[in-house]
Structure formats: structure tokens, C-alpha cells
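sharing a model that was predicted from the sequence below.
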Amino acid sequence: MGFLKPGPPQEDPGALLARPFLERIRILSTHWVEHGFGAPRAVSLIYVLKVAVLYCLGGLLVVRYTSDLGTFADFTSWWDEPVVYQKLILWTVLLEALGLAGSWGPLAGHFKPMTGPVGYWLRPGTIRLPPWPGKVPFTAGDERTVGDVLLYAALLASLVVGLVLPGEADGALTSAVPDSTGGLVPPLVHVVVAVLLVLCGLRDRLIFLGSRGEQYLPAIILSASLGFTDMVIAWKLLMVVVWLGAGVSKFGKHFTNVIPPMISNAPFNPSVRLRRLHYRDFPRDLRPSGLAWVMGHIFGTTVELGLPLILLFSPNITVTVLAAGAMVVFHLFILSTFPLAVPLEWNVLFAFGAVFLFVGHPAQDGYGVLDFSQGWMLPVIVAALAFFPVLGNFRPDLVSFLPSMRQYAGNWASATWAFAPGCEERLNEVKAPARIQVEQMQNMLMAYEKDAAAVAMQMPVAWRSLHSQGRGLFSVLIRHVPDIDNYTVREAEFVCNQLTGWNFGDGHLHDIRLINALQKRLDFAPGELTVVWVESQAIHRDFQRYQVIDAALGVIERGTWKVADCVERQPWLPEPAGPVPVQVEWARPSQDTGTLVTEG
């Protein structure tokens, strides 16, 4: 790929699009091995500048000029002031809520415009997705109202107020750190932000998850409710729970499949040979190699389980510094791979947090887990922080993979959408600031030709094929859409981004509820939109549950497949293994075209 030119497959785009679906998957998944998504390198540079200038420099400028700290030349004297960490959290939430942080730009399916959420969530009439519309009063419906827009605007305003207000003096902080000058963000600000974030989330889970509420709401609540020392210790526990949750989620068969396509997409990795080494026998066998297993489970799972516990319990500052440095390297490595959904700012904040919390406030200085001011705090806070990760791993149908802390685990609810010829274009009729992505790509600054754009939008499908769920999704899809070679097949996460403004790998945001909302607006005929959707694997099960959904008819089949069968297949499902075997648990009679079946 070039600086301004994408790196598409060598075959003519029109000829490639004319090939059978599974043959396209073979060509494009093989192409992903060496080139990743294939975006121009200028796109990666834009992301680097966004993180360095907007997030890092912008955040430090906000903190410095709204707090009683020293100059930038005195940074080493104030980097560990607690108000710095508090305001960086608020700054991160603001950028996430605006759509300027994670799930931004071309690697998240936002080509033109590159920013999604703020353009959708400030616009009445766009789709919203309440989490419990039948259970929580005043949340039913799927259309954004003026009240929703005002609530979201109030959340943004509260975050700005929290950033602008100077820190206020705190007796507990002064007692613990007499030299501190920055104070703390007023607790009332954190209360208001927390309340507004929850209210927005009850009306629309897109806003809660888009603001990364599962990561930052606990930190905000802890800031509002605890004294200084207790707050710092609780922040440590929060980070450790996030790391451990991510580490535990990598047990099982999914995760090793995440590493090779992630390494292949690293834009500044010049070695094609190194990319190939993460696959067993390129181009014949694209299952993960032994090197991928080592990268995933030695440098991934072991790091996320071991180093956080060392940081939490280390009595030695040298050991703490080394462990914190290793976690910084860990997060910077993830950042360097530019994973789809691009959670770059989150990785920067966690890298800084590892140093700020564990080196700036080490256990031996009175910030250990046994130093809470009251004995009940430790078990209660740990239980509260661990509740959703534990529940989400045993009942993934109840909890998004984000509060379940399954970052990068490869164990995600996922879906593939198949449009009959000419039907994808009908998505442009839905009220949204962005058109379908193949049209966005033809109109962006680094414009794609029409067929080249269509091929590029097949790349996320190829990416999915390199993960375990892709083999199961395609196996079911080709059985339900006999004419699949002539259908337009799309990765559901990218479609969700165009329809709602945001997604982050969460299949719960494009399940039957989004499809019903879409059907209400577009009235597809039977067979015009077929979706295969699968839930995450529960930690104590060896299978995943799938649904086949016809937009016009609702759920038409439910069943399961074994994860072990998925990981043993090639992305393009060649014989003799062929498609993944499934266990059909229920199927709608083919002659029944009556009442719409709804679930969720």
C-alpha cells in the first residue's frame, strides 16, 4: 500500500466481485495476511496525529490551564497530582462521547464523515437502542427525541464543566500529600456526570457504551464517593479488574485467532515474512501458528493476569516500576497494531494509569489494598467491580462484552448481513448523517473507484473469516441464502456504524432489536435482508448460540455450533472439512409467513 493509495488485491475489482462468495473470502483473507485492511498509510498517520495532538497534547493543555499546577517545564513535579488523572478521565469520556476517540475514522467504517456519534446523537429522528425498553419506564421506542438530544447535550456540557472548573481543596488530600496544589475535581461534578451518563444509557445504550461507561463510570463514581486515599486504592482495583477480566476472557479457543489478523493489520510493521509466520502455512493454512499462540498467551494472557497482581501487591518500588513499564509496553504494542474499532486513547490512558497509580502512589506509601480507611470497603468494592465481568462471562446474553471485560478476546457476539441485489442502497433512506459506506468511500478525500470501494467493504468480512465466529456465520449463511454469490454480504459491525453512528465490536447493538427498528423504517420483503447472528460463548460452555433472522419475518432459526469445529476450519470453508456442523434447535416452518417473531 502507498501513502495516499490503498493496497487492494492485485486482481481487477470487477472480476473479483464476480467470483463466488467463498472464493472471494479465500482471496481476501489471504490478502489480509500480508496487507491487513489495506488503508493508505496516510490514514494511519491521521490516527497517530489525532492521538498525539488532540488527545495527549490537548488533554494536558486542558489539565494544565484549568488546574493550579506548574508550567509544562515543571511536568515532573505535577504529573502525579490526582486532579490530572481525574481530568484525563473526563477528557477521555468527552472525546469518546463525541465520537473522536475509539470507533473513529476509516478503521471503524466512518469514511465520510469520519466522526459518527455526535452527528447522530444530536439529531432527532435517528435510531436509538434502549437496553430494557419493556422494563424501565419512559425508555420504550427506537427513535431519538428532542429530549434525548437535550439529555446527551447536557452530558457533554457536564463533562466540559468538570474540565474547566479548577480543582478544589480537599482535606484528605492535603493530609496525605502536603505539597499537592491541584486539589480535586469537585465531587458534585462527578455526581452530575454519572447521573447523566446513566440516564442517557437507559434511553440509549449506544451513548453509554460509546462513552465507554463500563470503563470510566466506576472511576467517576469512586471519585464522587470516596476520600483521597480510598479513591486511589479503588482506582487501582478498577484497573486490575479490567486487566484480569481481559486476561480470563482469553482462556479458550477464540483468542489465538485474534493475534494473526491483528499483527497483519499493524501499519508500521514492514515485515511481510513476520506477518506470514503467525499463520500455520500461508497461503494454504491460515489457522494460527505456534508463534501466534506464544504471542497471545505468553505475551498476552500471562501478562494481563500476572503483572496486574504484581502491581497490586508489590512491596518493592523497583519491582513496581518494572511491572508498570511492562504494562506500558503492553498497551503501546496493542496501540501499534491499530485494531479495528481503534481503541487507541483507551490504551494511552491505561498506559499512563499504570504509572500514575502504581508508581506515583505505590503500595508502600500507604496505597495498598489493605490500606482502606474502613475494612468493609475492600470486599464491597471488589464485588461491585467484578459483578458484571462475572455475570457477563456466564450469561453473555445479559451483558455486553464490554462490561464483561472481554477486550480483544475474540469471543464476541457477531453477525453477518446479506442483502439481496439493490437492497443495501435502501439503508440510505434511514435518517442518518452518513450514507452507505461504499458511497462514503467514493466521496472521501482519498477516493475509491466504485468497484474498489465494494472490494474494500469486503475486507471486514474477510477479517471476520479469520476469527472463529466467521466460519460459523458463513456456514449458516450459505445454507439459508442459496444465491449468496449474488448477494451483498457485509460485516454487521460496519453496518451498525452507518445506521447508528457507533459500534465497538458489540453484537448486541445489531441484534434483532436493530433489525426490527430497520424493518419498521424500510419494510423489506422476505429474503431481501438475511442476518446470521451469534452470541458470545459462555465461559462454562463449549458452544455458541446462533439465530437466523429475516428482516421481514423475524427469527427463522435458532441453533448452536461447537467452537472447536470453527477454529479447525479455514476461512473459506474448503472441503473435505467444509462448513461448520450446527445443531438446529428450532426452525420456523417455511410456509409460515405470519406474525413477526421478536426476541431480546
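Thanks, I have the structure now.

C-alpha only now, for contacts and for neighbours.
Will do.

quick one: the strands in the stretch 351-500 of the chain?
In the stretch 351-500 of the chain, the segments counted as strands under DSSP state E, counting those that start in this stretch are 414-419, 488-491.

just give me how far the first one sits from the chain centre.
If I follow you right, that is strand 414-419. Remark: strand 414-419 is offset 18 Å from the chain centroid, using CA atoms, centre = their mean, to the nearest Å.

show me what that strand is packed up against.
Strand 414-419 is packed against helix 468-480, strand 488-491, helix 492-500, strand 529-534, with contacts defined by 3 or more CA pairs under 8 Å, 6 or more residues apart in numbering; DSSP states H and E.

ok, 7 Å please
Applying 3 or more CA pairs under 7 Å, 6 or more residues apart in numbering; DSSP states H and E, one finds that strand 414-419 contacts strand 488-491, helix 492-500, strand 529-534.

can you redo those as a markdown table with mean pLDDT?
Below are those laid out as a markdown table (pLDDT from 0 to 100):
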| stretch | mean pLDDT |
| --- | --- |
| strand 488-491 | 98 |
| helix 492-500 | 97 |
| strand 529-534 | 98 |
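
out of those, nearest to E585?
strand 529-534 (13.9 Å; CA to CA).

can you show me the CA trace of whichever helix or strand comes after the closest one as PDB?
Towards the C-terminus, the helix or strand next in line after strand 529-534, according to DSSP states H and E, is strand 543-550. Extracted in PDB, the C-alpha atoms of strand 543-550 (Å, rounded to 0.1, in the frame of the first residue of the first chain):
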ATOM      1  CA  PHE A 543     -20.700 -23.900  22.000                       C
ATOM      2  CA  GLN A 544     -22.200 -20.700  20.800                       C
ATOM      3  CA  ARG A 545     -25.900 -20.000  20.100                       C
ATOM      4  CA  TYR A 546     -26.900 -18.500  16.800                       C
ATOM      5  CA  GLN A 547     -30.000 -17.100  15.200                       C
ATOM      6  CA  VAL A 548     -31.000 -16.600  11.600                       C
ATOM      7  CA  ILE A 549     -33.100 -13.500  11.100                       C
ATOM      8  CA  ASP A 550     -35.100 -12.500   8.100                       C
END
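
and the helices and strands packed on strand 414-419 as a markdown table, adding mean neighbour count?
Output for those, formatted as a markdown table (neighbours: other CA atoms under 10 Å):
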| stretch | mean neighbour count |
| --- | --- |
| strand 488-491 | 21 |
| helix 492-500 | 25 |
| strand 529-534 | 27 |
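
turn the ones you listed into a markdown table, including distance to A462.
Output for the helices and strands packed on strand 414-419, formatted as a markdown table (distance: least, CA to CA, whole Å):
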| stretch | distance to A462 |
| --- | --- |
| strand 488-491 | 9 |
| helix 492-500 | 13 |
| strand 529-534 | 16 |
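
could you list the low-confidence segments of this structure?
Across the chain, the ranges flagged by pLDDT under 70 are 1-8, 591-600.

middle-most residue in it, spatially?
Nearest to the mean C-alpha position of the chain, by CA atoms, centre = their mean, lies F504 at 3.1 Å.

correct me if wrong, but that one is in a strand.
No. In this structure, F504 is coil, not part of a strand, as judged by DSSP: H, G, I helix; E, B strand; the rest coil.

what's the helix or strand for the closest residue to it other than its chain neighbours?
Once flanking residues are discounted, F504 sits nearest to A341: 5.5 Å by CA to CA, 6 or more residues apart in numbering. Assigned by DSSP H and E, A341 belongs to no helix or strand.

who touches A341 in this structure?
With contacts defined as CA atoms under 7 Å, 6 or more residues apart in numbering, A341 is in contact with 102-103, 107-108, 504.

so V584, which of the three states?
Strictly by three-state DSSP, V584 counts as strand.

quick one: neighbours of it, just the number.
Look at V584: counted by other CA atoms under 10 Å, it has 14 neighbours.

bridged to the closest residue to it other than its chain neighbours, which residues?
If the residues on either side of it in the chain are set aside, V584 comes closest to G559, at 4.2 Å by CA to CA, 6+ apart. Beta-bridge pairing for G559 (DSSP bridges): Y546, V584.
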